[in-house]
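Novice: Pasting the sequence and the predicted coordinates here, then a few questions.
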Amino acid sequence: MSTRSAIIHKTENGYAGIYCHSDGYPSWNGRLLLENYQDPEKVAALIALGDISSLGERVNPLGEHSFENRESGTTVAYGRDRGESDVDTTIGTSVEDVADKIGHNGYVYVFNRGWTCNGKKLTQKLIEKD
């Protein structure tokens with residue numbers, strides 16, 4: 001069973017988010033977000049991918065990459081890497097609105113000048129507790 005999560009970004013007009021199928025717990029996705037996604041432009045690029053199978057250290061591949069032939073460290077997106085449709089970014093007026101539309105099983109990450117996980121500031125200490 002996968003640990004699904006929602007990854008949400010505060011925008012000028014509300015909130016935008018994506019579903020992530022795998023490894024949603026703080027010691028994996030939380031760590032990757034904290035260590036690799038502090039730049040608002042990189043967060044926006046991640047969210048623009050639409051729903052993802054798994055989060056990686058980077059949004060875009062450096063070389064050959066597909067769902068079947070995954071490049072280590074690269075985020076795997078359902079639309080870009082698998083050719084699926086109806087996996088676009090989810091838009092809403094609040095974190096709760098977006099998270100409810102996305103569907104997940106427990107972890108909601110929100111970026112707004114820093115990361116939170118389920119309403120708590122995402123820190124190394126929180127990641128290590130997981």
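Specialist: Yes, it's here.

Novice: can you pull out the helices in this structure?
Specialist: Listed in chain order, the helices found in the chain under DSSP state H are 31-36, 40-48, 78-82, 95-102, 124-129.

Novice: so which of these gets nearest His9?
Specialist: The closest approach between His9 and any of the helices of the chain, judged by C-beta to C-beta, belongs to helix 40-48 at 4.8 Å. Glycine gets a C-beta too; all of them are placed from N, C-alpha and C.

Novice: Show me what the closest one is packed against.
Specialist: Other elements packing on helix 40-48 under the criterion 3 or more C-beta pairs under 8 Å, 6 or more residues apart in numbering; DSSP states H and E are strand 5-11, strand 14-20.

Novice: Reformat these as JSON lines; add mean neighbour count and mean pLDDT.
Specialist: JSON lines is the format used below for the helices and strands packed on helix 40-48 (neighbours: other C-beta atoms under 10 Å; pLDDT from 0 to 100):
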{"stretch": "strand 5-11", "mean neighbour count": "24", "mean pLDDT": "97"}
{"stretch": "strand 14-20", "mean neighbour count": "23", "mean pLDDT": "98"}
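
Novice: before we move on, back to that, adding mean neighbour count, write the helices of the chain out as a markdown table.
Specialist: Shown next, in a markdown table, are the helices of the chain (neighbours: other C-beta atoms under 10 Å):
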| stretch | mean neighbour count |
| --- | --- |
| helix 31-36 | 18 |
| helix 40-48 | 17 |
| helix 78-82 | 18 |
| helix 95-102 | 18 |
| helix 124-129 | 13 |
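
Novice: nearest to Pro61, of those helices?
Specialist: Closest among the helices of the chain, using C-beta to C-beta: helix 78-82, at 8.6 Å.

Novice: Which of the helices and strands packed on helix 40-48 sits closest to Leu49?
Specialist: Of the helices and strands packed on helix 40-48, nearest to Leu49 by C-beta to C-beta is strand 14-20, at 6.8 Å.

Novice: shaky segments in the chain?
Specialist: Applying pLDDT under 70 to the chain picks out residues 1.
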